[in-house]
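1. Take this sequence and fold it.
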Amino acid sequence: MGVILGIDYAFQFGWRYIWLESDSTSVLACITSSSFSPPWPLRIARLNCLSRIRLMSFYCSHVLREGNTVADRMANLGLASSSLVWHEVPPPALSLFLRMDDLGFPYQRDS
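-> Coordinates of the predicted model:
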């Protein structure tokens, strides 16, 4: 559901060039496979998402969790939150990881 919400937000903000990286092949299959059949409560949301994607320049790819440090840290922040949070700017806790990612430094994930 997170990807569907993210694409919906991107569409609402007018962002039409999207590259989705995910460490979940299941999430990517949900977006790219025409034979994927989600649980009933998600079907309408998925169809709306796919309609929006058709209006975008959209690309998606698989990346290992260790290859996307910032997304991994954002997911951890999301798990710690009791409600949906929108960040206008990256949270301070991500500054170091964003900079390291920008410079191409490798990342070792905490276990």
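
2. what packs against the helix or strand of the chain with the lowest mean pLDDT?
-> Least confident helix or strand of the chain, by mean pLDDT, DSSP states H and E, is helix 69-80 with a mean of 82. Where contact means 3 or more CB pairs under 8 Å, 6 or more residues apart in numbering; DSSP states H and E, helix 69-80 is packed against helix 95-103. Bear in mind the C-beta positions are built from the backbone N, C-alpha and C, glycine included.

3. Now the helix it packs on: average pLDDT?
-> The pLDDT scores in helix 95-103 average 86.

4. send the alpha carbons of the least confident helix or strand of the chain over as CSV?
-> What follows is helix 69-80, C-alpha atoms only, in CSV (Å, rounded to 0.1, in the frame of the first residue of the first chain):
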residue,chain,number,x,y,z
THR,A,69,20.1,2.9,2.6
VAL,A,70,17.9,6.0,2.7
ALA,A,71,14.7,4.0,1.8
ASP,A,72,15.6,1.4,4.5
ARG,A,73,16.0,4.1,7.1
MET,A,74,12.8,5.8,6.0
ALA,A,75,11.0,2.5,6.3
ASN,A,76,12.3,2.2,9.9
LEU,A,77,11.1,5.7,10.7
GLY,A,78,7.7,4.8,9.3
LEU,A,79,7.5,1.7,11.4
ALA,A,80,8.1,3.8,14.5
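
5. Only the buried residues of it, if you could.
-> 69, 71-74 (16 or more other CB atoms under 10 Å).

6. Let me know the closest of those residues to residue 20.
-> For these, the minimum distance to residue 20 (CB to CB) is 10.1 Å, reached by residue 71.

7. Start and end of stretch 63-82, how far apart?
-> 27 Å (CA to CA, to the nearest Å).
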